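Engineer: Predicted model and sequence follow; I will ask about them next.
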Amino acid sequence: MTLDCISLIIAIIIFGGWWLQWIIHVTAIIYGRIKLHRKLSAPPDFQFPGVSILKPLTGVDPNLYANLETFFHLLYPKYEILFCIEEETDPAVMIVKSLLNKYPNVECSLFVGGALKTTVNPKINNLMQGYIMAKHELILISDSGLKMKEDTLQEMVINLKENVGLVHQLPFVSDRSGFAAVLEKVYFGTQHSKIYLLANMVGVNCVTGMSCLFRKSVVEQSGGFESLGIYLAEDYYLSQICFYNCSCNSGWKVKVSTQPALQNSGTYSIGTFQNRMIRWIKLRSFLVPMTIIMEPLSEWLLLGLISSWAVCRLFMWSPIAFFLVHTLIWFLLDYTLLLTIQGCNLPFSRIDFVAGWLFRECTSLLLMLRAHTVRTLTWRSRQYIIGRHTIGEEIRKVHDWTAV
Ligand SMILES: CCCCCCCC/C=C\CCCCCCCC(=O)N[C@@H](CO)[C@H](O)/C=C/CCCCCCCCCCCCC
Ligand SMILES: O=c1ccn([C@@H]2O[C@H](COP(=O)(O)OP(=O)(O)O[C@H]3OC[C@@H](O)[C@H](O)[C@H]3O)[C@@H](O)[C@H]2O)c(=O)[nH]1
């Protein structure tokens, strides 16, 4: 085969991939519009089952008290909150105790001592005691940085139909001020939600564990909660259990909730966001190695550049004009997707969106490069060596209560 022939084939593949990307983009918008921000109502005779809410806490941030307080105001007939904190000296203990005093009528308990290490995953380790003591069949794991609307739990339970094993919320962020907040909203409302929604629409396992409601019995039949602790991406394997649990012939269904998760940590910065992205990219590369190649190729910049070359090769179109049109359409679809996920007005101007969008798009490839070149993975105060399936080994602990 001649070089000319090879370049022609590559150009055709890239051009095909470019079209596929638009299909994914538009489908995610349509799916988001159909699925999200819908008010679900329970059938008249529906009995809401009890829910045990597990809250893993590590350190405090300026919004922690207010975020946790939203869980005391849920419009739900029967639930308990189980706060889990690794160490007695963590200042989060004081915050939880003051909430316990303020709301004596809400059933809740505090478990301290997840530090008695049995598994490598610090979140599972921290939650173990609470999980064992949870008295309801339905468990909601809800990360420390989340706040919740009054009707969210109700809505998640309504989504947990008979054949559904797990309901999760699409990660999103609440309205906060500053450029880092814009950046987070832009990321979670565009590139992230596009893939997350599409994967869940077609039934590909793509679940982030920040807010997951699941059936305890399903996990117990598949090795138990503790068995997830060997993985650093315990969320992926939690939902994998549902997909492959043999007690339900075709596996349990995994559903996205109609309300996106509202991350509302009071500690946020560009650096925190980027470190977290590096950690997630690294986890993904061990879960689905194909993402190492597919992720950069699904970004505006790289796909735009190689597609401009491809159309020049195929049709002799001007690569610059093509790149500009590609950018304009991508930008408008991203803005439309973000509005869909937000479900109401954005808290920032269009200029802020342009700045956040450009910054994220131009730095994403660097974050991928960084993730694939560092050997270790850092999560809060701990450093790990990570291997196949995200099985980890802790190598260092720096004592610091702030989020890294
Ligand atoms: C021809 C289709 C090309 C699609 C290429 C997709 C490349 C991936 C691009 C971006 C990745 C975005 C990932 C979305 C959310 C993941 C968030 C995350 O990393 N969470 C981790 C931490 O909580 C968690 O442990 C991991 C969860 C699952 C990750 C699985 C990723 C697989 C994505 C595959 C998507 C395929 C879509 C198929 C569409 C036909
Ligand atoms: O050492 C730790 C680290 C974290 N955690 C808890 O785990 C939860 C998630 O931690 P972070 O907010 O740092 O991390 P992320 O939002 O990136 O987590 C997300 O990605 C990694 C997955 O394994 C998690 O399930 C998912 O929630 C928090 O509630 C945190 O308090 C611990 O209990 N101990």
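Structural biologist: Perfect, thanks for sending it. Ligands and ions are numbered 1, 2, ... in the order given.
Engineer: Show me which residues of the stretch 101-250 of the chain sit near ligand 2.
Structural biologist: Within the stretch 101-250 of the chain, the positions adjacent to ligand 2 are 122-123, 126, 143-145, 208-210, 233-235 by Cβ under 6 Å from any ligand atom. All C-beta atoms are positioned from the backbone trio N, CA, C, and that covers glycine.
Engineer: Kindly report the same for the stretch 251-400 of the chain.
Structural biologist: Residues of the stretch 251-400 of the chain lying near ligand 2 (Cβ under 6 Å from any ligand atom): 276, 379-380, 382.
Engineer: Setting aside sequence neighbours, what's the nearest residue to residue 41?
Structural biologist: Leaving aside its sequence neighbours, residue 41 sits nearest to residue 158 (Cβ to Cβ, 6 or more residues apart in numbering; 7.5 Å).
Engineer: And residue 74, by the same measure?
Structural biologist: Closest to residue 74 by Cβ to Cβ, 6+ apart is residue 153, at 5.0 Å.
Engineer: For that neighbour, which residues are in contact?
Structural biologist: Counting by Cβ atoms under 8 Å, 6 or more residues apart in numbering, residue 153 touches 51, 53, 74-76, 79, 140, 213.
Engineer: Looking at those residues, which two lie furthest apart in space?
Structural biologist: Across those, no pair lies farther apart than 75 and 213, at 15.6 Å, counting by Cβ to Cβ.
Engineer: Which one of these two is surrounded by more residues?
Structural biologist: The neighbour count for residue 75 versus residue 213, taken as other Cβ atoms under 10 Å, is higher for residue 213 (25 against 11).
Engineer: Quick check: the more buried one vs ligand 1, distance?
Structural biologist: 16 Å (Cβ to the nearest ligand atom, to the nearest Å).
Engineer: thought that residue was touching residue 157?
Structural biologist: Yes. The criterion here is Cβ atoms under 8 Å, and residue 213 meets it with residue 157 at 7.0 Å.
Engineer: any common contacting residues for these two?
Structural biologist: Common neighbours of residue 213 and residue 157 (Cβ under 8 Å, 6+ apart) are 51, 138, 167.
Engineer: Closest one of these to residue 289?
Structural biologist: Comparing the shared contacts of residue 213 and residue 157 against residue 289 with Cβ to Cβ places residue 167 closest, at 28.1 Å.
Engineer: Tell me if the closest one really is in a strand.
Structural biologist: Yes. According to DSSP: H, G, I helix; E, B strand; the rest coil, residue 167 belongs to a strand.
Engineer: So what's the residue count around it?
Structural biologist: The burial count for residue 167: 24, using other Cβ under 10 Å.
Engineer: Over to residue 13?
Structural biologist: Using other Cβ under 10 Å, residue 13 has 11 other residues around it.
Engineer: Assign a three-state SS to it, would you?
Structural biologist: Here residue 13 is recorded as helix under three-state DSSP.
Engineer: So for it, what's the pLDDT?
Structural biologist: Looking at residue 13, its pLDDT is 98.
Engineer: all strands for the protein, in order.
Structural biologist: Assigned strands in the chain, in chain order: 51-57, 79-85, 108-112, 138-142, 146-147, 164-168, 171-173, 211-215, 253-256, 261-263, 376-379, 382-386, 392-397 (criterion: DSSP state E).
Engineer: ok, back up a step: out of the residues of the stretch 101-250 of the chain next to ligand 2, list just those in helices.
Structural biologist: 122-123, 126, 234-235 (DSSP state H).
Engineer: for those residues, which one is nearest ligand 1?
Structural biologist: residue 235 (4.8 Å; Cβ to the nearest ligand atom).
Engineer: Disregarding flanking residues, what is the spatial nearest neighbour of residue 262?
Structural biologist: That would be residue 174: by Cβ to Cβ, 6+ apart, it lies 4.3 Å from residue 262.
Engineer: List the contacts of that neighbour.
Structural biologist: Contacts for residue 174 were tallied using Cβ under 8 Å, 6+ apart; they are 147, 262-264.
Engineer: For the residues you listed, which single residue is the most surrounded?
Structural biologist: The residue in the contacts of residue 174 with the most neighbours, by other Cβ under 10 Å, is residue 263 (24 neighbours).
Engineer: My read is that it contacts residue 170, right?
Structural biologist: No. Using Cβ under 8 Å, residue 263 is not in contact with residue 170, being 11.1 Å away.
Engineer: Which residue comes closest to the residue most central in space within the chain once chain neighbours are left out?
Structural biologist: Central residue of the chain (Cα atoms, centre = their mean): residue 208, 3.7 Å from the mean position. Setting aside the residues directly before and after it, residue 208 is nearest to residue 171 in space (Cβ to Cβ, 6+ apart), at 5.1 Å.
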